[in-house]
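Asker: With the input below, show me the fold.
(one chain, ligands or ions: 1)
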Amino acid sequence: MSRVQRITSANGRLKNLMNQTDNRICADCGARDPKWASANIGVFICLKCCGVHRSLGARISRVLSVQLDEWSDEDIDAMIEVGGNSSANAIYEAYIPEGYSKPGPDSTHDERSRFIRSKYELQEFLKSSLRITSRKSSASIQSSFSTKILDSFRIKSSKEPSCNRKPW
Ligand SMILES: [Zn+2]
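Answerer: Just a heads-up that it's a prediction; the model follows:
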């Protein structure tokens, strides 16, 4: 009885997350109503993108069916911690080049595959300093980054204003 309750509540938590607006479309191609998820990346994806994720191997993407697979509490916690498709894409697509066209729901397998590999396997759109990271080191990167920004402000503000030169 208690085990059944546990599973039910776990499923409930997963469903709640899945019902977030950003999780109602595939994180990779925007197809509606994704029924699959990558438990270690923390994104909800459609069946077609799921096939590509599978081909990357479980080390890169561990694919589970939202409806058919039994999820462990750890898997669900990990998904909740990422916070859904928008949060994950804010990281994995942070530095996507301007004008880059993401695959759509009707894209070919090749287009989809190229994008998904670039995004998760090669991590081309991630800031390079974040590519291999743990929670701790990303915090330290962030703090040193903001120190640098502060420094550059200090340098700027200590300089004489350069706009007082006459344009003619
Ligand atoms: Zn998709």
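Asker: contacts, neighbours, all on C-alpha from now
Answerer: Noted.
Asker: Can you show me the strands along the protein?
Answerer: 36-38, 43-45, 63-65 (DSSP state E).
Asker: Minimum distance to Glu111: which of the ones you listed has it?
Answerer: Smallest distance to Glu111 across these (C-alpha to C-alpha): 15.6 Å, for strand 43-45.
Asker: Output the contacting helices and strands for that closest one.
Answerer: For strand 43-45, the packing partners by 3 or more C-alpha pairs under 8 Å, 6 or more residues apart in numbering; DSSP states H and E come out as strand 36-38, helix 85-92.
Asker: Quick check: which of the strands of the chain is buried the most?
Answerer: strand 43-45 (a mean of 30; mean count of other C-alpha atoms under 10 Å).
Asker: Including mean pLDDT and distance to the ion, could the helices and strands packed on strand 43-45 go into a markdown table?
Answerer: Listed next are the helices and strands packed on strand 43-45 as a markdown table, based on pLDDT from 0 to 100; distance: least, C-alpha to the ion, whole Å:
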| stretch | mean pLDDT | distance to the ion |
| --- | --- | --- |
| strand 36-38 | 98 | 9 |
| helix 85-92 | 96 | 12 |
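Asker: Roughly how far does Asn85 sit from Asp110?
Answerer: Look at Asn85 and Asp110: by C-alpha to C-alpha, to the nearest Å, they are 22 Å apart.
Asker: and those two? which has more neighbours close in?
Answerer: Applying other C-alpha atoms under 10 Å to Asn85 and Asp110 shows that Asn85 carries more neighbours, namely 26 against 11.
Asker: Same question for stretch 41-61: list its buried residues.
Answerer: Neighbour counts over stretch 41-61 (16 or more other C-alpha atoms under 10 Å) mark 41-50, 52-54, 56, 60-61 as buried.
Asker: So what touches stretch 39-59?
Answerer: Residues outside stretch 39-59 that contact it (C-alpha atoms under 8 Å, 6 or more residues apart in numbering) are 18, 23-29, 31-38, 60-64, 75-76, 78-80, 82-85, 88, 109, 112-113, 116-117, 121.
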